[in-house]
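Participant: Dropping the sequence and predicted coords here.
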Amino acid sequence: GLFAPYWRPDARGCVLGLTQYSTKHHLARAALEAIAFQVTEVLKCMEQDAPSSAVSALRVDGGASANNLLMQLQADILGAPVARPADLETTARGAAVAALIGVGKWTVDRAFDQESAISKASEPRSFSSQISKEEREYRTSRWSDAVSKSLGWETMTK
């Protein structure tokens with residue numbers, strides 16, 4: 001199935017545009033592009049639900065954000081800057097710090113002192129779109145075509 005934002009259980013995975021010259025590298029890039037397109041689609045749906053909160057930048061963290069190509073693709077497809085912190089696991093770190101504060105092992109002041117020391121260890125990175133609006137619209141159109149070809153493949157009968 002295809003989940004957010006489509007919610008189509010009849011969708012099936014497909015890889016389109018393969019040729020005899022396609023390699024595992026092309027497949028890996030296609031997987032990264034799919035992530036970027038799906039994230040962009042979910043953000044666009046969020047903008048439709050709350051028009052006053054258009055995405056002007058995307059802040060990321062987590063394991064996938066370590067991939068520079070994915071972050072550049074995301075900036076290109078979204079058409080907005082993508083900001084990656086020096087510490088890629090800020091969500092997990094935040095949960096751990098909140099737990100330490102909650103059980104009285106740390107204070108809020110200590111948590112912020114640790115955070116500033118951690119953030120000085122390495123620099124954050126920002127990615128800006130490197131493609132034109134026309135190229136972005138073309139790629140998005142091709143993605144939409146591919147998604148439409150993945151629908152209607154459910155084979156279960158009742």
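Facilitator: That came through, no problem.

Participant: Packing partners of the host helix or strand of Ser141?
Facilitator: Using DSSP states H and E, Ser141 falls within helix 133-149. If contacts are counted by 3 or more C-beta pairs under 8 Å, 6 or more residues apart in numbering; DSSP states H and E, helix 133-149 sits against helix 24-49, helix 68-78. Where C-beta positions appear, they are placed from N, C-alpha and C, glycine not excepted.

Participant: ok, and for the shortest one, which residues are buried?
Facilitator: The neighbour-count check on helix 68-78 (16 or more other C-beta atoms under 10 Å) flags 70-78 as buried.

Participant: Stretch 82-89 too?
Facilitator: Within stretch 82-89, the residues that count as buried by 16+ other C-beta under 10 Å are 82-85, 87-88.

Participant: Give me the next element, helix or strand, following the helix or strand of the chain with the lowest mean pLDDT.
Facilitator: Taking mean pLDDT, DSSP states H and E as the measure, the helices and strands of the chain show their lowest mean at helix 108-121, namely a mean of 63. Towards the C-terminus, the helix or strand next in line after helix 108-121, according to DSSP H and E, is strand 125-127.

Participant: Who does that next one pair with, and is each partner parallel or antiparallel?
Facilitator: Take DSSP bridges as the rule and strand 125-127 pairs in its sheet with strand 82-84 (antiparallel).

Participant: list the helices and strands the very next helix or strand once past the strand it pairs with packs on?
Facilitator: Sequence-wise, the next helix or strand downstream of strand 82-84 (DSSP H and E) is helix 90-102. Packed against helix 90-102 by the contact rule (3+ C-beta pairs under 8 Å, 6+ apart) you find helix 108-121.

Participant: Show the average pLDDT along the helix holding Ser141.
Facilitator: Averaged over helix 133-149, pLDDT sits at 97.

Participant: Now it: buried residues?
Facilitator: Neighbour-count burial for helix 133-149, counted by 16+ other C-beta under 10 Å, picks out 136, 139-140, 143, 146-147.
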